[in-house]
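K.L.:
Dropping the sequence and predicted coords here.
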Amino acid sequence: MLYLQGTSLPAAAPAIIPASADNWGLSFPQEGQSPVGNASVEDLAQYGAWFLGDTSRKVIYLTFDCGYENGYTEQILDALEKHNAPAAFFVVGNMIETSPDIIRRMAEEGHIVGNHTFHHPDMSAISSQADFQKELDSLAALYQEATGKELPRFYRPPQGKYSEENLKQAQALGYKTVFWSLAYVDWYVDNQPTAEQAYAKLLPRIHDGAIVLLHSTSKTNADILDELLTKWEDMGYQFASLEELPGA
């Protein structure tokens, strides 16, 4: 089965970079093993993009998408600090505008704050390089205003929508595009999974070199993160920064 954001579809044909817009998707032929993306590691690498990290090590790259502050991000940061686990937070303009103190804490505690665009549009619908750049530059400028630091050049396409042209556009701006190899349906704030449901997705499917996508708006994620990180550690995993991605 192919996992899109909240959708399961039959796994499609050979993995290539789509010329037209597509949604990032994954199939899991075997639990505990690396999934198959709808673009391959090798295809993505030529555009400075990743969905998997170092598969030769029991290492996990933690990433969080942050559309807005829902009251749980500091609890997530507390769990990361307890485990000395680096993470990447892909933020949009609203998150920086409304919660600059939390953004500053992310940076001060050594986490990557990545670019999820200013307005969270479908970037695959933007053909103009200037318009594409404006979305990323506006977010980067806001981050610098809030922190006094330059935004790390890691980019995650909103909704996982992308195309070959998008990858080229991001690469031309010096950004590394980061998809994911493990996620679950955690973004419906009024229909949160139970801890047991979350573990049922996140434990069997973890794999070496996993880039994990979680949403910081999720109460479940905040409540289970300390225990989840402990469970992964007990399975022999360590946590690494996106800066340690192969070739990054």
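P.N.:
On my side now, so go ahead.

K.L.:
Could you identify the longest strand within this protein?
P.N.:
For the chain, the strand that runs over the most residues, judged by DSSP state E, is strand 59-66.

K.L.:
And for it, what's in contact with it?
P.N.:
53, 73, 76, 80, 85-92, 95, 114, 116, 156, 178, 180, 187, 206, 208-217, 232, 237-242, 244-245 (Cβ atoms under 8 Å, 6 or more residues apart in numbering). From N, CA and C alone the C-beta is placed, and that goes for glycine too.

K.L.:
Strands - which of the residues you listed land there?
P.N.:
Of the contacts of strand 59-66, the ones assigned to strands by DSSP E are 87-91, 114, 178, 210-215, 238-239.

K.L.:
quick one: Asp226 is in a helix?
P.N.:
Yes. Applying DSSP: H, G, I helix; E, B strand; the rest coil, one finds Asp226 inside a helix.

K.L.:
Would you mind measuring from the residue lying closest to it once chain neighbours are set aside to Leu62?
P.N.:
Distance criterion Cβ to Cβ, 6 or more residues apart in numbering; nearest residue to Asp226, sequence neighbours excluded, is Ala79 at 4.3 Å. Distance of Ala79 to Leu62, given as Cβ to Cβ, to the nearest Å: 10 Å.

K.L.:
Overlap of the contact sets of these two?
P.N.:
What both Ala79 and Leu62 touch, as defined by Cβ under 8 Å, 6+ apart, is the set Ala85.

K.L.:
May I see the buried residues of stretch 190-206?
P.N.:
Neighbour-count burial for stretch 190-206, with 16 or more other Cβ atoms under 10 Å as criterion, is recorded at 192-193, 198-199, 201-202, 205-206.

K.L.:
Reformat those into TSV and put pLDDT and distance to Glu165 next to each item.
P.N.:
Formatted as TSV, the buried residues of stretch 190-206 follow (pLDDT from 0 to 100; distance: Cβ to Cβ, whole Å):
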residue	pLDDT	distance to Glu165
Gln192	98	36
Pro193	98	35
Ala198	98	35
Tyr199	98	39
Lys201	96	32
Leu202	98	33
Arg205	97	31
Ile206	98	33
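
K.L.:
Thanks a lot, catch you later.
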